[in-house]
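Colleague: I'd like to go over a predicted model; first the sequence, then the structure.
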Amino acid sequence: MDLVPLLPLLEPFVVLVVLAMARAGGLLMALPHTSNKAVPRMVKVVTVVGLSIALAGISGPPALGRLDVWTLAFAIVGELVVGLALGFVVQISLSAVRIAGEVIGVEIGLSFSAVADPMNPGASTSTASLLGHLGVQLVFALGLDRMLLRGLGYSVRAVPLGHGQLHGGSVELMSTQFGTALQVAIHLAMPVMAAVLAVKLALAVLARFVPKLQVFALAFGVALIVGLQALRAAMPSLAQAIAAHLGQVLELFDAMIMSLRI
């Protein structure tokens, strides 16, 4: 069978798949639970290819003026940037949870025992790893992963493939979200920080009035015990607060898509 007559018909579909692969690949590269090294490369490749074919099936014709190598290359870079921007919306929200864990670990005194973290390169405190894994589990428990895939499908209709590019509104949205993430991190860590601060102030007053007691020799152990107990008591409310925070990811995801349309 001669396939040469079919090439002009297959060319637009191949271009759509390549552009969709760039957008889907950028999104998966920015998500924390798919970009880490623990996920096999073959799984990532199969996921990107499957998403690309699905997106090409629901997308319209590529928004390209003319089809040549340079136009296609710039379009691929633009779609990759769009995918990364959409993924960073989720990444920043989950980073707020990890920052809260880092702050709690430093206040308690667990920063001296940093552990290897497979989700992120380098080492991290145990509380940051705990809250980070809790955040990722809540993403799946709340069904946000499926909703994000649905949002990715909506993005190819709102922003046609080949027309993706960042605007000032997109950069402003990400900058605002960085500041909000820091506020959320401090809010999540505040209960444990307040408990540990109260203990440290009490020990400082005790050391002032009873200098021979050598209170600071026991300060590390006391702060660690009180901090862990405060974290244990605050964990149910902390999980609810993290779930409420992650529930806003979809609104930010939609806002990012809308900013890309301007």
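Modeller: The structure has been received and is ready for your questions.
Colleague: what separation do you get for Gln229 and Leu238?
Modeller: Separation of Gln229 from Leu238 (CB to CB, to the nearest Å): 14 Å. For glycine as for every other residue, the C-beta is placed from the backbone atoms N, C-alpha and C.
Colleague: who's more crowded, those two?
Modeller: Leu238 (21 against 12; other CB atoms under 10 Å).
Colleague: name the nearest residue to the more buried one, sequence neighbours excluded.
Modeller: Nearest residue to Leu238 in three dimensions, chain neighbours excluded: Leu188, at 6.3 Å (CB to CB, 6 or more residues apart in numbering).
Colleague: could you do Val103 as well?
Modeller: Leaving aside its chain neighbours, Val103 sits nearest to Ala189 (4.2 Å; criterion: CB to CB, 6+ apart).
Colleague: averaged pLDDT, the strand or helix carrying the one you found. What do you get?
Modeller: In the assignment (DSSP states H and E), Ala189 maps to helix 168-209. For helix 168-209, mean pLDDT rounds to 84.
Colleague: next one: stretch 231-248
Modeller: Averaged across stretch 231-248, pLDDT comes to 87.
Colleague: which residues does that stretch contact?
Modeller: 93-94, 96-97, 104, 108, 127, 131, 134-135, 138-139, 142, 144, 184, 187-188, 191-192 (CB atoms under 8 Å, 6 or more residues apart in numbering).
Colleague: kindly give a single PyMOL line that selects the buried subset of those residues.
Modeller: Command for PyMOL, covering only those of those found buried under the criterion 16 or more other CB atoms under 10 Å:
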select buried, resi 93+94+96+97+104+108+127+131+134+135+138+139+144+184+188+191+192
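Colleague: quick one: which of the contacts of stretch 231-248 sit in helices?
Modeller: Secondary structure from DSSP state H places 93-94, 96-97, 104, 108, 127, 131, 134-135, 138-139, 144, 184, 187-188, 191-192 of the contacts of stretch 231-248 in helices.
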